[in-house]
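Enquirer: Below are the sequence and a predicted model for it; my questions follow.
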Amino acid sequence: MAETRDFLLEIGSEELPSAPLADAVRQMERLVTDGLAETGLAHGTVRVVSTPRRLAAIVCNVAVETEEIHEERRGPAAHIAFDETGAPTKAALGFARKNGVDAGELVRRVGPDGNEYVFAERNVPARPALPLLSELCERVISSIKWPRSQRWGSEHVRYGRPVRWICALLGGEVVPVTYGDVTSSNLTYGHRVLGPGAHEVAAPAAYEGVLERAHVLGAERRAEVIREGIARLEQERGGARVDTPKRVFDEVVNLCEWPRVLVGTFDEEFLSVPHEIICESMLSHQRYFPVYDKDGGLTREFVVVGNADPAFDANVIDGNERVVRARLDDAKFFYEEDLKVPLDDFVERLSSVVFQEKLGTVRQKVMRMERLAVEVATEAGADEQAVADARRAAHLAKADLVSQAVIEFTNQQGVMGGYYAAAAGEGDAVCAAIRDHYRPRFAGDDLPEGAVGTYVAIADKLDTICAMFAIGEPPTGSSDPFAVRRAAIGVIAMLRTLEGPRLRELISCALDGLAEQGVEFDRADARAQVEVYFAGRLAQIAKDEGVSHDTIEAVRAVGVVDPTEFIERARALDRARADEPELFYDLATAYARAAHIADRSLGTDVDESLMGDAERHLLDACAAGGDSVDAALARGDYFAACEALAELREPIDRFFDDVLVMDSDTGVRENRIRLLNRFASVFDGVADVAKLPRKGK
């Protein structure tokens, strides 16, 4: 077995920003793995260790040299490679040149087929690992991509932050690496305060132990220490909960090397301010974690993760309390100032806020939302009070966009509007609707809690969707600045909870609102595009919920865009196929046969005087089947509609057994085709059965 040693590359630098560091970890693992493969050095697992001041790759069992390779490649037949005199031909010279050998070194040998060929043989000697790793290290350091890279001193090389040291080892031997003005060694550097200065690393396997003795932990261990500290704090406070959003938590992990969980407090007066802006101020601006009591109420305490000498914990806490006090003072000031302004004044100020260049201001969008919210509420069967609440909530929904608190804390739009509406004496349903109307913000997010909030949220999102298509700026694969995809998914999710509103009618209402404000667009084209877009989203949702692809396409082909109807119709069709597969696939074949001969341009009006028994039997079956299908669709019983279609199998089979459709008499032939048109039309309201696979396919 070839000799192997562990390999270490550590890049030490000034403190790296958190988010780019997380991406650099992924890059480092890929670059080292791919680089080792390119060099031909066998190796074991690759693991990356990171802290704010270092990025390191540890590779187990790296071969100390590459394997010696004997290459043999077959070329042209010998009689083609050499002429009668034995001199190499152009074919031999080209083959030799391609494989890096002289034509005189080509070997003649009989191949497996009994014919003689020429072969190029080349031995690639083993190469020592050290120079290969030197090149690899320098390539890795220069290849890591940062959002913003820096140069330092008079150097021209770049990195995320100035590089201060490189520790590169193969076993106990230093791998020579130079990057800028930094040369590799077997030294790493500890925590700036708790383990300052250089620390010798005897071998890669000892690296993490050396770091820990120097008060430096890797990312996974730091996260574990922080979670353990938070868990102890929660337990000590009898079931308290510390809010640790993943994005902020991951950032905090990358801001320290030796974490300590500390607790600070802020003044009682700030608890009178909406907890959302208090928490956002702490989380987004300072990376502090709010503490809630066991009943879910915000407390005065917050968690800060320190990275200093424990002897100075009190100083760290005091400094952070001073910072948070200033931040919360600002939040309290913004909130109190906003309360002095009537919400309707905020609404009028929206006239100076552009929604989109071609679509006017946010105030104009609010006017469209009011109209559309009333339409949704009315179609949903809401009472007069709920309709009035929907109109009022839509009117005030965007008011907080010009408030000082939302300008400072943009994530709290809607939430702050709900607080301001409550302070102004608006009804509970209106306040909740304003608060919730941005929901759902993404797939799987909570829907608005109340019906009024659902009406307003649908109006807001559907207006945006229709507006973008009307002005010819729909989402593309790379651009969706108005989040039309998320809005469409949200509209579908909410409409599935309501009975009454029909998406097609709501789209028309939204487009009417745009036209009334003077937006110029092709109404028919815009409507068609929006409906196709929703159908595409519905198809994906149905697929995610387990409906088969061909069933989805069969429903989609008949132009269904109402979310509940689309999903339930597709499920019913799948169920019918599962319960009676032989019958259903035979029916699909019969439909396809009829549809293939049918000519819709001839219409469906038949002359019964030209019919025989089989034709009349089919006509009666189409009439009865059509009535059954219509009744089933009217009550939303899509499975019953499928069953009604299945009953047409016998009469259509009898028709084709007894009747020659393409009769020589033009009148008879066209009458029979009209009958087939009538047969096919019964299916039109349910699904395009031709899209379903026929038996045996």
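Expert: Done, it's in.

Enquirer: what's the helix or strand harbouring A535 in contact with?
Expert: Using DSSP states H and E, A535 falls within helix 523-544. By Cβ atoms under 8 Å, 6 or more residues apart in numbering, the residues outside helix 523-544 that reach it are 465-466, 469-470, 474, 484-485, 488-489, 491-492, 503-504, 507-508, 511, 515, 549, 552-553, 555-556, 559-561, 563, 566-567, 570. Any C-beta I mention is one placed from the backbone N, CA and C, and that applies to glycine too.

Enquirer: The residue lying farthest from the centre of the chain: what secondary structure?
Expert: Largest separation from the mean C-alpha position in the chain: T85, at 69.2 Å (Cα atoms, centre = their mean). Of the three states, T85 takes coil under DSSP: H, G, I helix; E, B strand; the rest coil.

Enquirer: Could I have the PyMOL command that selects the buried members from the contacts of helix 523-544?
Expert: A single PyMOL command is used to select the members of the contacts of helix 523-544 judged buried by 16 or more other Cβ atoms under 10 Å:
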select buried, resi 465+466+469+470+474+484+488+489+491+492+503+507+508+511+552+553+555+556+560+561+563+566+567+570
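
Enquirer: Sort out for me which of the contacts of helix 523-544 are in helices.
Expert: Using DSSP state H, the members of those that fall in helices are 465-466, 469-470, 484-485, 488-489, 491-492, 503-504, 507-508, 511, 515, 549, 552-553, 555-556, 563, 566-567, 570.

Enquirer: In this structure V252 contacts Y288, no?
Expert: No - using Cβ atoms under 8 Å, V252 is not in contact with Y288, being 9.1 Å away.

Enquirer: More neighbours: which of the two?
Expert: Y288 (27 against 23; other Cβ atoms under 10 Å).

Enquirer: wait, the more buried one sits on I317?
Expert: No - the pair formed by Y288 and I317 falls short of the contact definition of Cβ under 8 Å, at 11.1 Å.

Enquirer: Now do the shared contacts for those two.
Expert: With Cβ under 8 Å, 6+ apart as the test, Y288 and I317 both reach 264, 304.

Enquirer: end-to-end on stretch 205-222?
Expert: End-to-end distance for stretch 205-222: 19 Å, by Cα to Cα, to the nearest Å.

Enquirer: Can you pull out the low-pLDDT segments for the stretch 351-500 of the chain?
Expert: Scanning the stretch 351-500 of the chain for pLDDT under 70 picks out no residues.

Enquirer: now the end-to-end length of stretch 100-108.
Expert: 17 Å.

Enquirer: List the buried residues of that stretch.
Expert: Under 16+ other Cβ under 10 Å, the buried positions of stretch 100-108 are 101, 103, 106.

Enquirer: Using CSV, list the CA coordinates for the helix holding A535.
Expert: Below are the C-alpha coordinates for helix 523-544, written out as CSV (Å, rounded to 0.1, in the frame of the first residue of the first chain):
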residue,chain,number,x,y,z
ARG,A,523,-57.0,43.3,-22.6
ALA,A,524,-57.7,39.9,-24.3
ASP,A,525,-54.0,39.1,-24.6
ALA,A,526,-53.2,40.1,-21.0
ARG,A,527,-56.1,38.0,-19.7
ALA,A,528,-55.0,35.0,-21.7
GLN,A,529,-51.4,35.3,-20.5
VAL,A,530,-52.4,35.6,-16.9
GLU,A,531,-54.7,32.6,-17.2
VAL,A,532,-51.9,30.5,-18.8
TYR,A,533,-49.5,31.6,-16.1
PHE,A,534,-51.9,30.5,-13.3
ALA,A,535,-52.5,27.2,-15.1
GLY,A,536,-48.8,26.6,-15.1
ARG,A,537,-48.5,27.2,-11.4
LEU,A,538,-51.5,25.0,-10.8
ALA,A,539,-50.0,22.2,-12.8
GLN,A,540,-46.8,22.3,-10.7
ILE,A,541,-48.8,22.4,-7.4
ALA,A,542,-50.9,19.4,-8.6
LYS,A,543,-47.7,17.5,-9.5
ASP,A,544,-46.3,18.3,-6.1
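
Enquirer: That one vs helix 549-556, what angle?
Expert: Per axes from the mean of the first three to the mean of the last three Cα atoms, to 10 degrees, the angle that helix 523-544 makes with helix 549-556 is 150 degrees.

Enquirer: what comes up buried for helix 523-544?
Expert: 526-527, 529-531, 533-535, 537-539, 541-542.

Enquirer: Could you tell me the average pLDDT over that helix, please?
Expert: Helix 523-544 shows a mean pLDDT of 95.

Enquirer: Distance from it to the middle of the chain?
Expert: Counting by Cα atoms, centre = their mean, to the nearest Å, helix 523-544 is centred 19 Å from the centre of its parent chain.

Enquirer: How much space separates R164 from T188?
Expert: Counting by Cβ to Cβ, to the nearest Å, the gap between R164 and T188 amounts to 11 Å.

Enquirer: Please identify which of the two sits among more neighbours.
Expert: The residue with more neighbours, out of R164 and T188, is T188; 24 against 14, by other Cβ under 10 Å.

Enquirer: does the more buried one sit in a helix or strand, and which one?
Expert: Using DSSP H and E, T188 falls in strand 187-189.

Enquirer: Contacts for that strand next, please.
Expert: 10, 12, 53-54, 164-165, 167, 196-201, 207, 210-211, 214.

Enquirer: What strand or helix carries A56?
Expert: strand 54-63.

Enquirer: for the next helix or strand after that strand, which positions count as buried?
Expert: Once strand 54-63 ends, the next helix or strand along the chain (criterion: DSSP H and E) is strand 69-77. Within strand 69-77, the residues scored as buried using 16+ other Cβ under 10 Å are 75-76.

Enquirer: how about the helices of the stretch 351-500 of the chain, start to end?
Expert: For the stretch 351-500 of the chain, the helices defined by DSSP state H, counting those that start in this stretch cover 362-379, 384-396, 404-408, 415-423, 428-436, 451-470, 484-495.

Enquirer: other SSEs contacting the shortest one?
Expert: So the one you mean is helix 404-408. helix 313-339, helix 415-423 (3 or more Cβ pairs under 8 Å, 6 or more residues apart in numbering; DSSP states H and E).

Enquirer: Pretty sure G153 sits against D181.
Expert: Yes - between G153 and D181 there is a contact at 6.1 Å, judged by Cβ under 8 Å.
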